[in-house]
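Enquirer: coordinates only, sequence not included:
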């Protein structure tokens with residue numbers, strides 16, 4: 001598509017291989033900085049890091065000592081360990097998004113979120129998102145091969161699904177399990193989102209439903225491609241992958257166009273950078289035709305979506 005003014009954002013999707021429990025923040029940040037430097041060599045504007053990119057995926061363990069849990073959280077951003085990442089990104093002229101565990105004080109109480117931030121090329125935080133769709137469980141379930149205690153260690157995000165002006169377009173953030181829910185993309189789509197940045201840590205094995213295991217990679221791609229196409233937006237999905245502390249996690253890092261097509265995909269489960277030149281105008285023909293929301297949406301018929309959390313037991317009467 002020929003445009004009068006190009007809005008190309010060259011994106012680096014910075015997949016991470018496993019992060020060991022023993023790795024320090026400084027060691028992990030050096031890995032992130034290596035991605036930044038490679039992205040700069042490839043002419044990137046933006047680098048996207050995974051969910052909880054600074055530590056191993058700690059919700060896999062049940063911990064009763066809150067101090068041990070809090071050791072995985074960041075009390076400030078940037079902090080002493082992450083300032084070098086901000087400094088190097090600014091020096092290279094790169095924007096980035098970063099997923100991390102956020103510990104903050106609000107009204108005299110500590111609050112904990114699974115968060116992601118968008119940082120501009122000058123090192124300024126443009127926006128923050130806190131994960132809304134928390135998977136897993138809240139209590140110790142020792143029958144599992146590993147735990148998934150996000151509902152124990154994090155609060156449900158309280159910032160909604162905001163979309164930010166940056167890099168010449170409208171940029172949205174979400175995290176991991178959010179990608180499975182169509183409402184995630186649609187709320188951002190209704191704000192004119194043009195690129196969704198999405199990090200994840202997804203185990204291969206699903207203890208409550210092992211029959212799903214063989215479909216993990218397929219489901220990962222399916223939901224992101226659908227979200228991209230149905231909302232005419234780019235989607236950048238970035239994994240922390242590989243066998244981390246004995247728990248295999250899927251890779252499948254990819255960059256998906258508003259057409260629903262994957263245009264770049266990782267081929268390893270290690271640290272790997274994939275890139276694509278993303279034309280933010282590519283979604284315009286979809287936004288102006290099949291997904292022209294103002295012309296074609298019928299929200300008066302969608303009330304059940306927001307008025308009911310789970311399936312209703314009653315059924316509407318059939319027309320006579």
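Expert: That came through fine. Fair warning: this is a prediction, and the values are worked out from it, not measured in the lab. Residues are numbered from 1 along each chain as shown.
Enquirer: Show residues contacting the helix or strand residue 235 falls within.
Expert: Per DSSP states H and E: residue 235 is located in strand 234-239. Outside of strand 234-239, the residues within contact range by Cβ atoms under 8 Å, 6 or more residues apart in numbering are 11, 13-16, 48-50, 179, 185, 194-202, 220, 224-225, 227-228, 249-258, 266, 269, 278, 280, 282-283. Using the backbone N, CA and C atoms, a C-beta is placed for each residue, glycine as well.
Enquirer: in its sheet, what does that strand sit against?
Expert: In the sheet, strand 234-239 lines up against strand 195-200 (parallel), strand 254-256 (antiparallel) (DSSP bridges).
Enquirer: Please pull up the helix or strand immediately following the helix ranked longest in the chain.
Expert: If you go by DSSP state H, the chain has its longest helix at helix 25-41. Using DSSP H and E, the helix or strand that follows helix 25-41 towards the C-terminus is strand 46-48.
Enquirer: Other residues contacting that next one?
Expert: Contacts of strand 46-48 (Cβ under 8 Å, 6+ apart): 9-14, 35-36, 39, 89, 94-97, 167, 197-199, 236, 238.
Enquirer: Give me the distance from stretch 151-171 to the chain's centre.
Expert: Centroid separation for stretch 151-171 versus its chain: 9 Å, with Cα atoms, centre = their mean, to the nearest Å.
Enquirer: what sits against the residue nearest the centre of the chain?
Expert: Nearest to the mean C-alpha position of the chain, counting by Cα atoms, centre = their mean, stands residue 198 at 2.4 Å. Shown in contact with residue 198 (Cβ under 8 Å, 6+ apart): 48, 173, 174, 175, 176, 178, 179, 224, 235, 236, 237, 238.
Enquirer: neighbours of the last one, just the number please.
Expert: Residue 238: 31 surrounding residues under other Cβ atoms under 10 Å.
Enquirer: Quick check: bridge partners of it?
Expert: Beta-bridge partners for residue 238, by DSSP bridges, are residue 199.
Enquirer: gap between it and residue 33?
Expert: Distance of residue 238 to residue 33, computed by Cβ to Cβ, to the nearest Å: 16 Å.
Enquirer: before we move on, what about the first one?
Expert: Here residue 48 is placed at a distance of 15 Å from residue 33 (Cβ to Cβ).
Enquirer: How about the third one?
Expert: Look at residue 174 and residue 33: by Cβ to Cβ, they are 25 Å apart.
Enquirer: who's more crowded, the two?
Expert: Between residue 174 and residue 33, counting by other Cβ under 10 Å, residue 174 is the more crowded of the two (28 against 16).
Enquirer: out of the strands paired with strand 234-239, deepest packed?
Expert: Of all these, strand 195-200 has the most neighbours on average by mean count of other Cβ atoms under 10 Å, namely a mean of 28.
Enquirer: what's the spacing between that one and its chain's center?
Expert: For strand 195-200, the distance to the chain centre is 4 Å (Cα atoms, centre = their mean).
Enquirer: Starting from it, tell me the next helix or strand along the chain.
Expert: Downstream of strand 195-200, the first helix or strand assigned by DSSP H and E is helix 216-230.
Enquirer: circling back to that earlier point, by contact count, what packs against the longest helix of the chain?
Expert: If contacts are counted by 3 or more Cβ pairs under 8 Å, 6 or more residues apart in numbering; DSSP states H and E, helix 25-41 sits against strand 8-15, strand 46-48, helix 83-92, strand 272-279.
Enquirer: Now do it: everything it contacts.
Expert: With contact meaning Cβ under 8 Å, 6+ apart, helix 25-41 is reached by 12, 14, 16, 19, 47, 49, 53-55, 81-82, 84-85, 88-89, 92-94, 96, 98, 271, 273, 275.
Enquirer: give me that answer again for 6 Å
Expert: Helix 25-41 is contacted from outside by 12, 14, 19, 47, 54, 81, 84-85, 88-89, 92, 94, 273, using Cβ atoms under 6 Å, 6 or more residues apart in numbering.
Enquirer: which one of those is nearest residue 161?
Expert: Comparing the contacts of helix 25-41 against residue 161 with Cβ to Cβ places residue 47 closest, at 21.8 Å.
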